[in-house]
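K.L.:
Any chance you could fold what I've pasted below:
(one chain, ligands or ions: 2)
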Amino acid sequence: MAQFRFRDLAWCTCTHSGAIMESMGANSNKDWWRDATVYQIYPRSFADANGDGIGDIPGIDSRVEYLASLGIDAVWLSPFYPSQLADGGYDVDNYRDVDHRLGSLTDFDRLVAHLHDAGLRIVIDIVPNHTGSNHPWFRQALAEGPGSPARDRYIFRDPVGPPPGAPPSDWQSIFGGPAWEQVADGQYYLHYYAKEQPDLNWANPEVRADFVTTLRFWADRGVDGFRIDVAHGLTKDLSADPLPSQAEIDRIGPGPDHPMWDRDEVHEIYAEWRAVFNSYDPPRSGIGEVWAATAGRRARYATPAGLGQAFNFDLLYAPFEAAAFRSTVERNLAQAALSGSTSTWVLSNHDVVRHPTRYSQPQLADPDRVREQAQAWIASGGRVPHAEPALGAARARAATLFMLALPGAAYLYQGEELGLPEVIDIAPQHRQDPAFFRSAGKEIGRDGARVPLPWTRSGPSFGFGPGISHIPQPDWYAEMSVEAQAGEPASSLAMYRQALKLRHLLSEGEDLTWLDPPDDAATHFRRSPTWSCVTNFASHPVPRPPGRLLMASGPLAGREEIPPATTLWLAG
Ligand code: GLC
Ligand code: CA
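P.N.:
Ligands and ions are numbered 1, 2, ... in the order given. Now for the predicted structure:
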C-alpha cells in the first residue's frame, strides 16, 4: 500500500486520551448528533457470531471494541427486525422484536449497554412507509376482505377499467414493475417498493399510534436516535378520480401536489414524534431519509420541531470536481442554517455503489451510471472500459478527508474505512436485491455494497464468522481485511482512525470559511484558526498552501505540491 507521511502522529497519539474524554463528556450533550460521525452497520453483513452465514447482533457486540477504536460517535443499525428479507430487512414483519436469526431482545439490550459503556450511541432504523407482507396487520387485511378496518391500515383500491379489472393507475414501483398488486378478491394494494412491502395508510389513527408505541419501545431500551426510512413518503392523497398517471406525477415531482412524496401534512407526524423524542432525557434524535425536490424542501424535515436532521445525499451525487463539491457544501450549509439544524454528509451507504468504485469510472459520481457500467462489465466477461481502480481509491480517500473536515454530521458506511470498492461479479444465484429480480437483471442492484466484511486474511469468510458468508466474498478481500490493514500507517483504516480522532480534537463551532484555493481545480476552507482542509481535484499537482501538515489522504513523496486527487489537513 502507498506510504503516508503522518508527521504529527506522535502529537495526535499523546492527546488522544484527551479526545476520548472529551467525547465521553459530549455523550451527556443533548446536541451530540449535530456534528457526530455515525457509522452505519448493515447487520446481516457485519459479523456473524454463530456461523450460520448471516451477520447478527452478538456479532456486532463482539466488535464493539473495533467500533470504538475507529473514533466514531454512534452506530446506526439498518433493520434487524423479523423479516422475510424481500428487501434486505426493510420489509418489517414485527417492529418490536429482533429477527430470531439475528438474536434476541436480550442480545440487543446487551449490545446497547456495551456500546454505551464504550462511549458510543446507537441509532436504529424505523421503516414507517410500509410493513412486510408477513406483518400480522397485512395478513389480517387479506383475511378480512374489502371494506374491513384491517384493510384500512393499508392502501387497497378496487380495480379501475378500462379494461375491466385493471389496476387503479399505471404507477411503477421503485424496484420495477407495477406498484399495484392484485389480491384474490380482486382488490389491489399499493406497494411503492417490492410487493412484499405494502404501503401503510397514515390517515389511519391506529397506524399513527402504533408507531409511537414502537418509538417508545426502543427509546425505553436506551436507543439514542432513529433513522427514518422514506421519511418523505408517509402521507398520501389518493382522492383524485381518476388517479394521475405515472407521467403526470413524474412531471409534478415531489412536493405538496405530488400524491405521495413530500406532501406538507407529513410534518404533522414528525411534530408528534418530536414530542415523543423530547419526552426523554436526553431527547432522542431523528434523521430522515428524505428525497425532496430542493434542499429547501428537505430542510423542512430537519427543524427542531420535526425530525431534527435530514440526509443530504448531494455530495454523494456530486462529480469529483472542485466547483461541484464547493457549491454542494455552500448550498447545504445555507439550508442547514435556515432550518436550525446542521447538515449531514454521506459518500456511501447500503443503497449506492461504494464511492471508490464510483470515482473509478469516467462518469464519476452517478450511481445509476455505475450500475449500468457494472452490468456492461458482466456482459463483457469482466472488463470495464476505462475504469481506474487506483484513481478511484485515491479520489475516495480525498473525498472522505474533505467530508470529515466539514461542519455537521458525517455518516459512514461499514467497510468504507477499509477502502472497499463495490463487489461487481456476484453471480445471479447469489444476488438478493429485489431491484435485480424485478428488472430481470437489467438493474444490477445493491448487493455489491452489502457483501459481508473481511476481518481477517483467511478463514471460511475472512473472519466474518466461523461459517461461509450469505453473499460470497471475493479473494481480494483478504488484503483489504481489518487484519491486513491493522498497524499499517498507510492503510485506509489508519487514515479513517486518524481523521476521526483529529476531527474530534480540532472541531470548533459550526463555521466554515472558504480560502483562495491554490488552483481552480482545488478547494481550500478553514474550520478554525488551527485547521484548514485543501483538496486537489485535478489530475495535475497544485501548489501547497502554507501551514503545518496534519495529515494527508495519500502519499506526498516529500513533495511540496499537492499530488492529484489528494486532500491535506493543515494546521493554520
Ligand atoms: C430506503 C432504504 C432502502 C430500502 C427502501 C425501502 O430507501 O434505504 O434500502 O430498499 O427504503 O424500504
Ligand atoms: Ca449468524
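K.L.:
show me the contacts for residue 172.
P.N.:
178-179, 246 (CB atoms under 8 Å, 6 or more residues apart in numbering). Quick note: C-beta positions are derived from backbone N, CA and C, even for glycine.
K.L.:
Most neighbours among the residues you listed, which one is it?
P.N.:
Highest neighbour count within those, by other CB atoms under 10 Å: residue 179, with 23 neighbours.
K.L.:
That residue contacts residue 157, doesn't it?
P.N.:
No - using CB atoms under 8 Å, residue 179 is not in contact with residue 157, being 11.3 Å away.
K.L.:
Mutual contacts of the two, please.
P.N.:
residue 190.
K.L.:
Show the backbone phi and psi for the residue of the stretch 301-450 of the chain found nearest ligand 1.
P.N.:
Closest contact between the stretch 301-450 of the chain and ligand 1, by CB to the nearest ligand atom, is at residue 351 (4.8 Å). As for residue 351, its main-chain torsions (degrees, to the nearest 10) stand at phi -100, psi -10.
K.L.:
Can you name the residues of this protein sitting close to ligand 2?
P.N.:
Within reach of ligand 2 by CB under 5 Å from the ion, the chain has these residues: 48, 50, 52, 54, 56.
K.L.:
part of a helix, is the first one?
P.N.:
What that stands for is residue 48. No - with DSSP: H, G, I helix; E, B strand; the rest coil as the criterion, residue 48 is located in coil rather than a helix.
K.L.:
mind checking which helix or strand of this structure has the lowest mean pLDDT?
P.N.:
helix 9-26 (a mean of 34; mean pLDDT, DSSP states H and E).
K.L.:
ok, back up a step: of the residues of the chain next to ligand 2, which is the most crowded?
P.N.:
Using other CB under 10 Å as the neighbour criterion, residue 48 leads the residues of the chain next to ligand 2 with 28 neighbours.
K.L.:
List the buried residues of stretch 505-516.
P.N.:
By 16 or more other CB atoms under 10 Å, the buried positions in stretch 505-516 come out as 505-507, 510, 512.
K.L.:
Can you show me the CA trace of it as PDB?
P.N.:
Extracted in PDB, the C-alpha atoms of stretch 505-516 (Å, rounded to 0.1, in the frame of the first residue of the first chain):
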ATOM      1  CA  LEU A 505      -9.700  17.400  18.600                       C
ATOM      2  CA  LEU A 506      -9.900  20.200  16.000                       C
ATOM      3  CA  SER A 507     -13.700  20.700  15.600                       C
ATOM      4  CA  GLU A 508     -14.700  24.100  16.900                       C
ATOM      5  CA  GLY A 509     -18.100  25.600  16.200                       C
ATOM      6  CA  GLU A 510     -20.000  25.100  13.000                       C
ATOM      7  CA  ASP A 511     -18.400  27.800  10.800                       C
ATOM      8  CA  LEU A 512     -16.600  27.300   7.600                       C
ATOM      9  CA  THR A 513     -14.600  30.000   5.700                       C
ATOM     10  CA  TRP A 514     -13.600  29.500   2.100                       C
ATOM     11  CA  LEU A 515     -10.000  30.500   1.400                       C
ATOM     12  CA  ASP A 516      -8.500  31.300  -2.000                       C
END
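K.L.:
Name the residues that touch it?
P.N.:
So stretch 505-516 is contacted by 12, 15, 18-19, 22, 34-35, 326, 329, 333, 342, 406-408, 523-528, 530-532, 545, 550, 569 (CB under 8 Å, 6+ apart).
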